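Engineer: how would this look folded up:
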Amino acid sequence: MSDAEWALVRDLLPVPSWMAGRGGRPEGYCHRQMVDAVRSLVDNGIKWRAMSCDFPPWPRVYAFFARWRDLGLVAELHDRLRGAVRRSEGRKEEPRAGVVDPQSVKADATVAHASRGFDAGKRINGRKRHLLTDALGLLLAGRVTPASTTDRDAARLLLPAAKSHFRRLARIWADGGYTGHLTDWTDQHLGVVLDIVRRSDDVRGFQVLPRRWVVERSFAWLLRSRRLVRDYERRTDTSEAVVLWSMTMLMSRRLAARPQDPVPVRAA
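Structural biologist: As a prediction, this is how the structure comes out:
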């Protein structure tokens, strides 16, 4: 991270227990070193054991990564950065609309068969990343499943979790894979309008569809991180944590590149 990035990220980091007076052993390495090491792994797609000697030993970095994954600290940092980006864009921290879509990716040989599947539509043997983003393309909720999981089944898990966290969420745009009883279910149980954006059968070739391009762009952002080009993780929650780390890099760089002047807040 640049010094400008670190100045932003440092104030948003979760406070360690020992610094908050809740006990525990003081950490042996600087947080900036640890965060930089994890970001390097996600960005360059290296193995844990191939960690550069400029960083702390890889077992310590992995222990830091695993602790932040299991305690939800990386999600906490991600949510704070998302709120800062939305405020810098003149929007409220909590969105009112979102876009949902899955991405199928091939799985490495290290991924167990129990957590992988075959996507017959994309002809991919691996996993699916189901993402819900806001109107800016920032991640609101995500879940990693076997590629054989249908979009509707994954949405029944993803959307209630998102609605419980974002009370103002009222409309979600989706593609034709979410048609059927799911639209009535979201309206009755979640109070959310699921708006299906369909592709016209008369159009040939590529066509930019309203709203749906937002989440497609978010997938393109994620693929800048080489660790996400394939799924290399044994556990699905580790894959979800890598997605969060990738988005934190995107948002911290975006915040550091713009002047930090207050922007009037408008409706989302």
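
Engineer: Only C-alpha atoms from now on, for both contacts and neighbour counts.
Structural biologist: Noted.

Engineer: Output the longest helix belonging to this protein.
Structural biologist: helix 236-256 (DSSP state H).

Engineer: what residue ranges in the chain score low on pLDDT?
Structural biologist: Scanning the chain for pLDDT under 70 picks out the ranges 16-25, 200-207, 260-268.

Engineer: quick one: contacts of stretch 224-242?
Structural biologist: 41-46, 69, 74-75, 105-112, 115, 126-127, 142-145, 222-223, 243, 246 (CA atoms under 8 Å, 6 or more residues apart in numbering).

Engineer: Sort out which residues of it are buried, please.
Structural biologist: If you call a residue buried by 16 or more other CA atoms under 10 Å, then stretch 224-242 has these buried ones: 225-228, 230-234, 236, 238-242.

Engineer: could you pull out the helices for the protein?
Structural biologist: 3-10, 31-44, 58-70, 73-88, 151-165, 181-189, 212-222, 236-256.

Engineer: chain center to the fifth one, what's the gap?
Structural biologist: Chain-centre distance of helix 151-165: 14 Å, with CA atoms, centre = their mean, to the nearest Å.

Engineer: Measure how that helix sits relative to helix 181-189, angle-wise.
Structural biologist: 20 degrees (axes from the mean of the first three to the mean of the last three CA atoms, to 10 degrees).

Engineer: Determine the set of other helices and strands touching helix 151-165.
Structural biologist: Judged by 3 or more CA pairs under 8 Å, 6 or more residues apart in numbering; DSSP states H and E, helix 151-165 is in contact with strand 124-133, strand 139-146.

Engineer: ok, back up a step: minimum distance to residue 119: which of the helices of the chain has it?
Structural biologist: Residue 119 lies closest to helix 151-165 among the helices of the chain, at 10.9 Å (CA to CA).

Engineer: could you check the angle strand 139-146 makes with the closest one?
Structural biologist: Counting by the same axes, to 10 degrees, helix 151-165 lies at 140 degrees to strand 139-146.

Engineer: Let me know the angle separating helix 151-165 from strand 124-133.
Structural biologist: Going by the same axes, to 10 degrees, helix 151-165 is angled at 30 degrees with respect to strand 124-133.

Engineer: Quick check: buried residues in helix 151-165?
Structural biologist: For helix 151-165, burial by neighbour count (16+ other CA under 10 Å) applies to 151, 152, 154, 155, 158, 159, 162, 163.
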